[in-house]
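S.K.: let's see this in three dimensions:
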Amino acid sequence: MRLKYFQILLLTLFLSFFCVTSWNRVGATPVDSVPELAPGAQAAILMDATSERVLYGKNADKRMSIASLTKIMTAIVAIENKENLEEEVVIGPHAVGIEGSSIYLKKDEKIPLSTLLYGLMLRSGNDAAIAIAEHVGGSVEGFIYLMNEKAEVLGLKNTHFMNPHGLDHSKHYSSAEDLAKLTAYALKNPTFREIVKTDVKKVPWPGEQWDRTFYNKNKMLQFYQWADGVKTGYTQKARRTLVSSATKDGAQLITVTLNDGDDWKDSMMMFEYGFKHYDLVSVLKEGQVISKTEIENDQHQRLQVVVGRSFQYPLNEDEKKRITVEPIISYPLKLVNKEKMQVGSARIYLDQKWIGSIPLVAHFADQPTVFSQWIVVLETVWGQGVRQYD
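M.R.: Coordinates of the predicted model:
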C-alpha cells in the first residue's frame, strides 16, 4: 500500500539529514547554461561514475570508431572470466607481429595473464589483446562473442565489436555515452581500477636479463592531479580517442572524447566543470529512519522502517531544492519478523523525473529507558554534557 503521509515525514527527515560531499571546496556554483567543454572533439561526454548521470554531452550517442578504447571491454571481460590472473598464457602465432602498438611478444613464450593485462592497458599492446582473447575465449572469435554479449548485458545500444584491439573495421564502433557506461561498470572492479591507475609497471621477462617495463601512455595521469585512469587510443580512421577518470573528495567522474586533437585539454576542462558545478549529495543514507511504529517483537524492540542502501547523486546548487522522495510500503508491517527484511522502496525524483530507487528495510530498535530520555532532555536544556554513571 502507498503511505502518502510518509512523504511529508521523509521530506522533513531529508532536510535534517541532507548530506553533501563537496567536490569544490568553496561550494557548488549554480549552472545557468552549459558551455562548450570539448571544442576539439567530434563527440564527448562527462558522466558521474556512481550514478551514471550525464553532466555534459556532445554527439554522445553517435556511433564512431573508437580505436584502442576497445581494450576497456577486452580487459574487463578477461578479468571477469578468469579467477586466476596469474595463470600462464602460451603466446600463439596470431599474436606475434600484429600491426600497431605492441609489447613484443614472442611465439610460444609463457606470460602470466596479469602481465598481458598491464601490457594491454598501459602500452596498448595489440599482441596482448590477441593473446588474451585466444586464452580466455578459446579463439579470437569466441572472445569477440563474449565482448558483444557483455555489451548487450550492459545496455550498450550503439556498440559492436569485431576484434579485441580496436583496429579499424566498418562494423566496429561505439559511442561516447556507451564507453562512459562501460567504464563506470569496469571501474567497480578493483583489479581493473588498479591496472588503469598505474603509471609504470615492471614485470619479469623470461629469457632476458632485464625486466619488461610498461610506461602508461595515458598522460592524464601526469597532467591532471585527480586523474586515475583509463585508456588512450588512435587509428587513422578514429584519430585520437580518450577515456579518462578522475576522483576528487570521494566523487569520481568519467570523460570520453572521440576524434579530438586536443583531448587532454578538453578532458581536463570537462573535469573542472563537473567538480566546480556539482556536489555529490547523499540524498538518503543507509540506516536512516523513515518511520517508527508501535509494533514490537518478542524482545520488546520497536519496528522501524529504515533506508537499506545509501543513495548518492550529483546535483548543482539549484537542483538540491527540487529533489523529492516517495516512500512506498509494499509489505504488511505487522507480519515483519526478521531484521533487514525488505518492506518497500523509496523512489527519488528530480523535477518529478525518476532518478533512482532504494530498498526500505525493517529494523528492530531497543526502546529508550525513561532515565535515558531524561538525559537527552537535560542535555538539550542545559546545553552541556551530562554523563551517565553505571
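S.K.: just the element for V343, please.
M.R.: Using DSSP states H and E, V343 sits in strand 342-350.
S.K.: chain center to that strand: distance?
M.R.: Distance of strand 342-350 from its chain centroid, counting by Cα atoms, centre = their mean, to the nearest Å, is 21 Å.
S.K.: also stretch 316-323?
M.R.: Here stretch 316-323 is found 22 Å from its chain centre; the criterion is Cα atoms, centre = their mean.
S.K.: start and end of it, how far apart?
M.R.: With Cα to Cα, to the nearest Å as the measure, stretch 316-323 spans 11 Å from end to end.
S.K.: now do the buried residues in that stretch.
M.R.: Within stretch 316-323, the residues that qualify as buried are 316, 319-320, 323, counting by 16 or more other Cβ atoms under 10 Å. C-beta: built from backbone N, CA, C; applies to glycine.
S.K.: again, but for stretch 275-292
M.R.: Neighbour counts using 16+ other Cβ under 10 Å place 275, 277-285, 288, 290-291 of stretch 275-292 among the buried residues.
S.K.: could you export that stretch as CSV, CA atoms only?
M.R.: As requested, C-alpha coordinates have been extracted for stretch 275-292 and formatted as CSV (Å, rounded to 0.1, in the frame of the first residue of the first chain):
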residue,chain,number,x,y,z
PHE,A,275,33.9,19.3,-9.9
LYS,A,276,33.1,23.0,-9.8
HIS,A,277,29.4,23.0,-10.5
TYR,A,278,28.2,19.7,-8.9
ASP,A,279,28.2,18.3,-5.4
LEU,A,280,27.8,14.6,-4.7
VAL,A,281,24.7,14.6,-2.5
SER,A,282,23.8,11.8,-0.1
VAL,A,283,20.1,12.0,-0.7
LEU,A,284,19.4,9.1,1.6
LYS,A,285,21.8,7.4,4.0
GLU,A,286,21.8,3.7,4.9
GLY,A,287,20.1,3.2,8.3
GLN,A,288,18.3,6.5,8.1
VAL,A,289,15.0,6.1,10.0
ILE,A,290,12.0,6.7,7.8
SER,A,291,9.2,5.7,10.2
LYS,A,292,8.9,4.5,13.8
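S.K.: show the average pLDDT along that stretch.
M.R.: Model confidence over stretch 275-292, given as mean pLDDT, is 93.
S.K.: where does the residue lying closest to I355 once chain neighbours are set aside land on pLDDT?
M.R.: Beyond its immediate neighbours in the sequence, the residue positioned closest to I355 (Cβ to Cβ, 6 or more residues apart in numbering) is I348, lying 5.4 Å away. Looking at I348, its pLDDT reads 96.
S.K.: list the beta-bridge partners for I348.
M.R.: On the basis of DSSP bridges, I348 takes part in beta bridges with V325, G356.
S.K.: just give me the neighbour total for it.
M.R.: When counting by other Cβ atoms under 10 Å, one arrives at 20 neighbours for I348.
S.K.: before we move on, back to that, could I get the buried residue list for the strand holding V343?
M.R.: When neighbours are counted by 16+ other Cβ under 10 Å, the buried residues of strand 342-350 are found to be 343-346, 348, 350.
S.K.: closest to L221 among those?
M.R.: Minimum distance to L221 across these is 33.4 Å, recorded for L350 (Cβ to Cβ).
S.K.: picking that back up, which of the buried residues of strand 342-350 lies closest to M220?
M.R.: Within these, the smallest distance to M220 is 30.2 Å, found for L350 (Cβ to Cβ).
S.K.: I'm done for today, thanks for sticking with me.
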